[in-house]
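Build me a model from this:
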Amino acid sequence: MQRLKYLLQKEFIQIRRNTFIARAIVMIPIAQMLVLVPVVTFDIRHIDLCVVDQDLSPLSRQLVTKLQGATFFRINKATFSLREAENAMDAGKADVILNIPDHFERNLIKSGAASLQVLINGINGSMAQTSMAYLSGVIMDFNRKIVMEHIALKPVVPSPQINPRTRYWFNPELDYKIYMAPGILAVLVTAIGFLLSGLNLVREKEMGTSEQINVTPVKKHEFILGKMIPFMIIGIVDLAFGLVLARLVYAMPFEGSLPLLFGFVLIFLISVMGLGLFLSMFANTQQQYLFICFFFMMIFNLMSGIFTPADSMPVWAQHVNLFNPAAYFIRVIRMIILKGAGFTDIWRDIVRLSLLAVSTTVFASLKYQKTI
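Residues are numbered from 1 along each chain as shown. Next up, the predicted model:
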């Protein structure tokens, strides 16, 4: 126990002397929470719309006016030529083309049906689907208005109607920042646990201090704990700092249990730090470890579900995610913060992540034993 105390003192002294790590501990949470949270969003706020009005009727002009009033559409071009509109889309000046054909109003009034042509840039599939949904909503609302104005139905008995009222739970305003803030916090804690802990060990290899420790009576579990505990504390402090920032800047709610969240974070940090220390045994320089870390961090983050639901991934990817600590953390931190999930809701994730934490720590200990 006394040896572990001296090892921890040494680690904190090294961290304090390393100006880069000391600044990163403070600046990275601020930068990520203030920059990444509002920037990383799938909300579509501006859609460049090109209108081809070949009818020039009162109804077609009403439809164009209604589109102009929509906050997410920006009509930056109006023309009578479909070819000219297609050229604008090819040049990147239009995302959506609305083609109102000739005799649009006449067909709608006489036959009760009229056609509209919509061309959407499908390079970005998500944006294309959202644009179509927005445009369909505006057209349907316009159609209801036309029906009320031109079709007078007077039934003897009122026809039954269903009036759905939508209520969104856990994020009533559908604010994407509330959804992304916990995910960015998870990326922050992952970087601290996985990157800094392993980088610290490789740095000692380069400086030669690890060889000095190897000839001392320090046991392998004391060495591993001496490397993990300081960054566990740093990860917890940065998480708390990030939660405060998210609360103050974005009014992010916190519906769950704070002790449960920090307890889960401790298990998560053990798992990623154990993996980081294990992988650092294969690197002789900090540059080598950065390449290894970059590879695993890309996989962890992209498969974690921070941007897209993990349940939408292929089945084989969902099986791989069973060994991805970040996938557990992203899911649980959102459940605790936004849904107020309790222990009974996340106990399976706790058990599986605990198994990962034990496995990675044991592998790191065994690998360290082989290299001394």
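
Point to the residue nearest the middle of this protein.
Central residue of the chain (Cα atoms, centre = their mean): I306, 3.2 Å from the mean position.

That one contacts V187, correct?
Yes - the pair I306 / V187 is scored as a contact, 6.9 Å apart, by Cβ atoms under 8 Å. All C-beta atoms are positioned from the backbone trio N, CA, C, and that covers glycine.

any shared contact partners between the two?
A326 (Cβ atoms under 8 Å, 6 or more residues apart in numbering).

List the contacts of the nearest residue to L196 once chain neighbours are set aside.
Spatial nearest neighbour of L196, excluding adjacent residues (Cβ to Cβ, 6 or more residues apart in numbering): F231 at 5.7 Å. F231 is in contact with 192-193, 196-197, 200, 269, 273, counting by Cβ under 8 Å, 6+ apart.

Among the residues you listed, which ones are in helices?
197, 200, 269, 273 (DSSP state H).

how about the residues you listed, which pair is most distant?
For the ones in helices among the contacts of F231, the maximum inter-member distance is 14.1 Å, found between N200 and L269 (Cβ to Cβ).

ok so, going back, which of the helices or strands spans the residue nearest to L196?
Using DSSP states H and E, F231 sits in helix 220-250.

rewinding a little: would you mind checking which of the ones in helices among the contacts of F231 is nearest to R144?
Out of the ones in helices among the contacts of F231, the member with the shortest distance to R144 (by Cβ to Cβ) is L269, at 54.0 Å.

I figured that closest one was touching T190, is that so?
No - under the criterion of Cβ under 8 Å, L269 makes no contact with T190, lying 9.0 Å away.

Distance check, T190 against C293.
Distance, T190 to C293, using Cβ to Cβ, to the nearest Å: 10 Å.

returning to what we had before: who has more neighbours, N200 and L269?
L269 (28 against 22; other Cβ atoms under 10 Å).

Strands along the chain, start to end?
47-53, 73-79, 96-100, 117-120 (DSSP state E).

Lowest average pLDDT across those?
Confidence, taken as mean pLDDT, is least for strand 73-79 of the strands of the chain (a mean of 88).

same for that one, what does it pack against?
strand 47-53, helix 58-69, helix 82-90, helix 125-150 (3 or more Cβ pairs under 8 Å, 6 or more residues apart in numbering; DSSP states H and E).

Deepest in the core, which of the ones you listed is it.
Neighbour counts (mean count of other Cβ atoms under 10 Å) averaged over each of those peak at strand 47-53, with a mean of 22.

who's in contact with A88?
50, 77, 79, 94, 97.

cutoff 10 Å now
48, 50, 76-77, 79, 94, 97 (Cβ atoms under 10 Å, 6 or more residues apart in numbering).

Low-confidence stretches in the stretch 151-300 of the chain?
Applying pLDDT under 70 to the stretch 151-300 of the chain flags the ranges 151-163, 210-212, 214-215.

what about 90?
Low-confidence segments of the stretch 151-300 of the chain (pLDDT under 90): 151-177, 179, 188, 191-193, 195-231, 234, 277-278, 280-288.

before we move on, what about the stretch 1-150 of the chain?
Across the stretch 1-150 of the chain (using pLDDT under 90), the flagged ranges come out as 1-47, 56-60, 64, 66-81, 91-93, 103-115, 122-150.

Got the domain ranges for this structure?
Split into domains by automatic domain parsing, the chain comes to 2-41+173-370, 47-148.

how about those domains in a markdown table, adding distance to P164?
Below are these laid out as a markdown table (distance: least, Cβ to Cβ, whole Å):
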| stretch | distance to P164 |
| --- | --- |
| domain 2-41+173-370 | 17 |
| domain 47-148 | 14 |
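
The nearest residue to M127 once chain neighbours are set aside - how many residues pack around it?
Of all residues not flanking M127 in the chain, I44 sits nearest, at 5.7 Å (Cβ to Cβ, 6+ apart). By other Cβ under 10 Å, the residues close to I44 number 17.

quick one on the thing from earlier: need the residues touching each of L269 and T190.
In contact with both L269 and T190: 235, 325, 329, using Cβ under 10 Å, 6+ apart.

with these in mind, which one is nearest to M180?
Nearest member of the shared contacts of L269 and T190 to M180, counting by Cβ to Cβ, is F329, at 14.6 Å.

correct me, but the closest one touches A357?
No - counting by Cβ atoms under 10 Å, F329 does not reach A357; the two are 11.7 Å apart.

between those two, who's got more neighbours?
F329 (31 against 21).

which residues does L201 contact?
210, 223-224, 227, 276-277, 279-281, 283, 286, 289, 364, 368.

Roughly how far does it sit from N284?
Counting by Cβ to Cβ - L201 and N284 are separated by 11 Å.

pLDDT score for F343?
As predicted, F343 sits at a pLDDT of 94.

Disregarding flanking residues, what is the spatial nearest neighbour of it?
Leaving out its chain neighbours, the residue that sits closest to F343 by Cβ to Cβ, 6+ apart is L260, at 6.3 Å.

ok, now which ones touch the one you found?
Going by Cβ under 10 Å, 6+ apart, the list of residues near L260 reads 332, 336, 341-343, 345-346, 350.

for those, which one is nearest V40?
Nearest to V40 among the contacts of L260, with distances taken as Cβ to Cβ, is V332, at 19.8 Å.

Next one: that closest one from Y368, what distance?
29 Å.

who's more crowded, the two?
V332 (25 against 21).

Would you state the helices of the stretch 201-350 of the chain in chain order?
Here the stretch 201-350 of the chain has its helices, by DSSP state H, counting those that start in this stretch, at 209-214, 220-250, 258-280, 286-303, 315-320, 325-334, 343-370.

buried sites along the fourth one?
By neighbour count, and taking 16 or more other Cβ atoms under 10 Å as the criterion, the buried residues in helix 286-303 are 286, 289-290, 292-293, 296-297, 300-301, 303.
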